[in-house]
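Engineer: Have a look at this prediction, sequence included:
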Amino acid sequence: MSIHNQTLLNNAGILQLEGASVVIVYTEWNDFIVNELVAGAERTLDEYKISHKKVIVPGSFELPFACKQIWEQSKGTGSQPSAIIAFGCVIRGETPHFDYVCKAATDGILQLNLELPVPVIFGVLTVNTTEQATDRLGGAHGHKGEEGALTALKMISFQRQLSKSYL
């Protein structure tokens with residue numbers, strides 16, 4: 001979701017969103033960054049009139065578990081999400097903890113994308129400094145919360161178009 005990929009920043013490819021819903025799973029760790037990611041995503045989802053819910057978890061390591069549980073608990077309820085967005089922010093420190101948390105979150109969300117029938121959008125900032133994180137909240141690197149929501153909408157549309165193509 002880089003600003004260098006200008007096609008992501010527009011609404012091309014966002015079609016067939018009737019009845020779509022999104023769950024935003026976000027961390028309380030580094031909330032001063034993550035809350036703004038969530039706010040950006042909500043602005044974008046509201047713009048497209050997409051219903052959404054929010055669920056908070058302690059940290060990025062817990063995101064894959066929470067996303068999977070949201071899907072599992074919503075099965076058969078008629079209110080399963082069309083996509084899930086996982087937001088977190090991991091800032092490098094002095095120990096290898098950063099590497100372990102980033103790898104676990106990345107691998108876990110990748111695995112969910114291969115297992116679940118809905119897209120799980122990776123919205124975890126993995127940065128060296130707080131300044132790099134804030135640069136991704138509307139600065140030189142775009143707004144990653146807004147981009148995460150656009151990615152979710154494009155993937156919902158992709159999935160719906162694909163299912164119509166193969167019926």
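Structural biologist: Good, I have the coordinates.

Engineer: CA atoms for contacts and neighbours, from now on please.
Structural biologist: Fine.

Engineer: mind listing the helices for the protein?
Structural biologist: For the chain, the helices identified by DSSP state H occupy 31-47, 63-74, 97-115, 130-134, 144-165, in order along the chain.

Engineer: Give me the below-cutoff pLDDT ranges for this structure.
Structural biologist: 1-13, 166-167 (pLDDT under 70).

Engineer: if you set the cut-off to 80 instead, what comes out?
Structural biologist: Under the criterion pLDDT under 80, the flagged ranges of the chain are 1-16, 165-167.

Engineer: Quick check: which of the helices of the chain is nearest to Gly88?
Structural biologist: Between Gly88 and the helices of the chain, the shortest gap by C-alpha to C-alpha is with helix 31-47, which sits at 5.7 Å.

Engineer: how far off helix 144-165 does the closest one point, in degrees?
Structural biologist: On the basis of axes from the mean of the first three to the mean of the last three C-alpha atoms, to 10 degrees, helix 31-47 is oriented at 40 degrees to helix 144-165.

Engineer: For helix 31-47, which outside residues touch it?
Structural biologist: Outside helix 31-47, the residues that touch it by C-alpha atoms under 8 Å, 6 or more residues apart in numbering are 24, 26-28, 51-52, 87-89, 133-134, 137, 143-150.

Engineer: thinking again about what came up before, save the helices of the chain as JSON lines, and put in distance to Gly123 too.
Structural biologist: Listed next are these as JSON lines, based on distance: least, C-alpha to C-alpha, whole Å:
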{"stretch": "helix 31-47", "distance to Gly123": "8"}
{"stretch": "helix 63-74", "distance to Gly123": "10"}
{"stretch": "helix 97-115", "distance to Gly123": "10"}
{"stretch": "helix 130-134", "distance to Gly123": "12"}
{"stretch": "helix 144-165", "distance to Gly123": "6"}
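
Engineer: Report the contact partners of the residue sitting nearest the centre point of the chain.
Structural biologist: The residue lying closest to the centre of the chain (C-alpha atoms, centre = their mean) is Ile85, at 2.6 Å. For Ile85, the contact set (C-alpha under 8 Å, 6+ apart) comprises Val22, Val23, Ile24, Val25, Val120, Ile121, Phe122, Gly123, Gly148, Ala149, Ala152.

Engineer: Much appreciated, bye for now.
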